[in-house]
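A.B. asks: I need the structure of the sequence given here:
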Amino acid sequence: MITGIQLHAWAGAPEMVAVAEMAAQEFETVWVTDQLQSRSVAAVLGAVAARTGVGVGTAVTFPFGRNPIEQASTMATLAEFMPAGRRVSMGIGTGGGLVSALMPRERPVDAVAELITLCRALWRGEQVRLGDYPLTCARLRMREEGKVDFPWVDDADVRVIVAGTGPKVLEMAGELADGVICASNFPAHSLAAFRCGQFDSISNLDSLELGRARSERPDFARIYGVNISVSLDRDAACAAARRQATLIVSQQPHENLETVGFEQADYAATREAVHNGESVARAAELLPQHIADHLIVSGTPDDCVSALGELLDFAKAAGFTEAYVGAPVGPDPREAVELLTTHVLRGLM
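C.D. replies: Residues are numbered from 1 along each chain as shown. Presented below is the predicted three-dimensional model:
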């Protein structure tokens with residue numbers, strides 16, 4: 001079920017490519033996170049694709065602050081590197097906390113939908129009129145009469161995978177995308193949601209079917225992203241997991257956290273520290289480990305085999321068709337990839 005691995009674009013680019021080369025021996029797809037203040041996801045994925053021949057994907061990009069023509073070109077160019085049996089995946093969402101802190105996100109679901117349709121037209125080799133994409137035109141002040149095409153593209157093989165938790169974005173994904181990503185570090189799709197018996201009612205995955213009923217796309221992937229932190233040093237692995245979980249509990253509405261059984265008293269100090277401008281590392285020190293454990297699989301390889309197995313069983317029962325292991329992976333990415341490939345994945349067999 002696990003076919004991919006997600007790497008953070010906060011590490012040095014040469015280091016990320018070296019780790020990706022290790023991962024390519026076991027995984028079909030290397031996904032790379034996309035943040036405005038991190039390394040360029042396009043540059044990193046290009047290097048990974050050229051060096052490894054593995055499938056590559058963004059997990060995930062977003063429309064805001066970006067030129068959609070460049071995004072479409074990047075994906076089509078990456079597709080040129082793909083050998084038989086490997087694909088490019090454009091994982092896309094509405095943008096997270098870092099995006100919201102830097103720019104407005106007006107009509108986010110519609111903006112993602114418009115980007116998808118524009119990219120698909122260009123990938124098919126069609127000429128597009130920019131005025132047919134009014135949100136994009138207005139946001140980037142493009143000329144409505146402007147026309148764009150990629151004469152070098154002949155049906156670029158790029159699958160579109162939408163990440164999201166809300167009913168509107170998931171319904172849109174069902175209609176327009178080739179699949180959906182649901183990540184375990186979001187409360188509605190977490191181990192906590194499965195264990196408390198609330199997953200079906202709060203996951204909003206029923207909205208996918210509303211979109212699928214209107215879709216003309218025959219295949220649809222349901223991808224489960226398992227956030228994991230593995231190391232021989234259990235304390236270091238758990239600390240990295242708490243930092244990842246801190247990003248979630250500091251941004252999610254209280255009701256999302258309370259629905260899956262979290263008590264405000266458990267994460268209030270962490271949330272307050274982030275909102276007061278403390279570093280994520282400092283705020284993470286205030287987060288109880290049991291909160292992180294319900295969002296991030298962490299610990300030694302043996303610890304991770306047990307927790308990962310439980311989570312994947314839940315995911316399969318919920319209808320997910322593939323999975324990846326993702327951020328933070330571990331305190332040391334090289335060690336984490338080695339442990340994942342030599343111990344954790346084999347321990348699941």
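A.B. asks: Residue 33 against residue 61, yeah?
C.D. replies: No. With contacts counted by CB atoms under 8 Å, residue 33 stays clear of residue 61, the gap being 9.3 Å. C-beta here means a position set from N, CA and C on the backbone, and glycine is covered the same way.
A.B. asks: higher neighbour count, the two?
C.D. replies: Per other CB atoms under 10 Å, whichever of residue 33 and residue 61 has more neighbours is residue 61, with 24 against 21.
A.B. asks: who's in contact with the residue nearest to the more buried one when sequence neighbours are not counted?
C.D. replies: Spatial nearest neighbour of residue 61, chain neighbours left out: residue 34 (4.3 Å); criterion: CB to CB, 6 or more residues apart in numbering. Counting by CB atoms under 8 Å, 6 or more residues apart in numbering, residue 34 makes contact with 9, 41, 58, 59, 60, 61, 62.
A.B. asks: Pull up the overlap in contacts between residue 33 and residue 61.
C.D. replies: In contact with both residue 33 and residue 61: residue 41, using CB under 8 Å, 6+ apart.
A.B. asks: Neighbours of residue 40, how many?
C.D. replies: So residue 40, with other CB under 10 Å, has 13 neighbours.
A.B. asks: The one 4 residues further on now?
C.D. replies: The number of residues packed near residue 44 is 24, by other CB under 10 Å.
A.B. asks: same question, the one 5 residues further on
C.D. replies: Burial measure for residue 49: 23 neighbouring residues, criterion other CB under 10 Å.
A.B. asks: Three-state assignment for the residue nearest to residue 61, please.
C.D. replies: At residue 34 the chain is in coil, as set by DSSP: H, G, I helix; E, B strand; the rest coil.
A.B. asks: Quick check on it: phi, psi?
C.D. replies: For residue 34, the backbone dihedrals (degrees, to the nearest 10) come out as phi -130, psi 110.
A.B. asks: In terms of helices and strands, where is the residue nearest to residue 320 when sequence neighbours are not counted?
C.D. replies: Nearest residue to residue 320, sequence neighbours excluded (CB to CB, 6+ apart): residue 224, at 4.1 Å. According to DSSP states H and E, residue 224 maps onto strand 221-230.
A.B. asks: Which neighbours in the sheet does that strand have, and how are they oriented?
C.D. replies: Its sheet considered, strand 221-230 pairs with strand 179-183 (parallel), strand 297-299 (parallel), strand 322-329 (parallel) by DSSP bridges.
A.B. asks: what's the next secondary structure element after it?
C.D. replies: Using DSSP H and E, the next helix or strand after strand 221-230 towards the C-terminus is helix 234-249.
A.B. asks: Buried residues, that following helix. List them.
C.D. replies: 236-249 (16 or more other CB atoms under 10 Å).
A.B. asks: tell me the least confident of these?
C.D. replies: Among the buried residues of helix 234-249, residue 247 carries the lowest pLDDT, at 87.
A.B. asks: That one contacts residue 280, doesn't it?
C.D. replies: Yes. Counting by CB under 8 Å, residue 247 does reach residue 280; the two are 6.7 Å apart.
A.B. asks: for this protein, where's the lowest mean pLDDT among helices and strands?
C.D. replies: helix 97-102 (a mean of 72; mean pLDDT, DSSP states H and E).
A.B. asks: Look up the residues forming beta bridges with residue 180.
C.D. replies: Beta-bridge partners, per DSSP bridges, of residue 180: residue 162, residue 222.
A.B. asks: Near it, how many other residues are there?
C.D. replies: 23.
A.B. asks: Please apply the same query to the one 10 residues further on.
C.D. replies: Around residue 190 sit 30 other residues, with neighbours defined as other CB under 10 Å.
A.B. asks: what residues are up against it?
C.D. replies: Here residue 190 is in contact with 184, 260, 294, 295 (CB under 8 Å, 6+ apart).
A.B. asks: quick one, phi psi at the third one?
C.D. replies: Recorded main-chain torsions at residue 294 are phi -90, psi 0, according to degrees, to the nearest 10.
A.B. asks: show me where the protein has strands.
C.D. replies: Secondary structure of the chain (DSSP state E): strands at 2-7, 29-32, 55-61, 88-92, 128-129, 147-148, 158-163, 179-183, 221-230, 297-299, 322-329.
A.B. asks: Flag the shaky bits of the stretch 1-150 of the chain, pLDDT-wise.
C.D. replies: 97-98 (pLDDT under 70).
A.B. asks: Find the nearest non-adjacent residue to residue 219, please.
C.D. replies: Nearest one to residue 219, counting by CB to CB, 6+ apart, is residue 178 at 6.6 Å.
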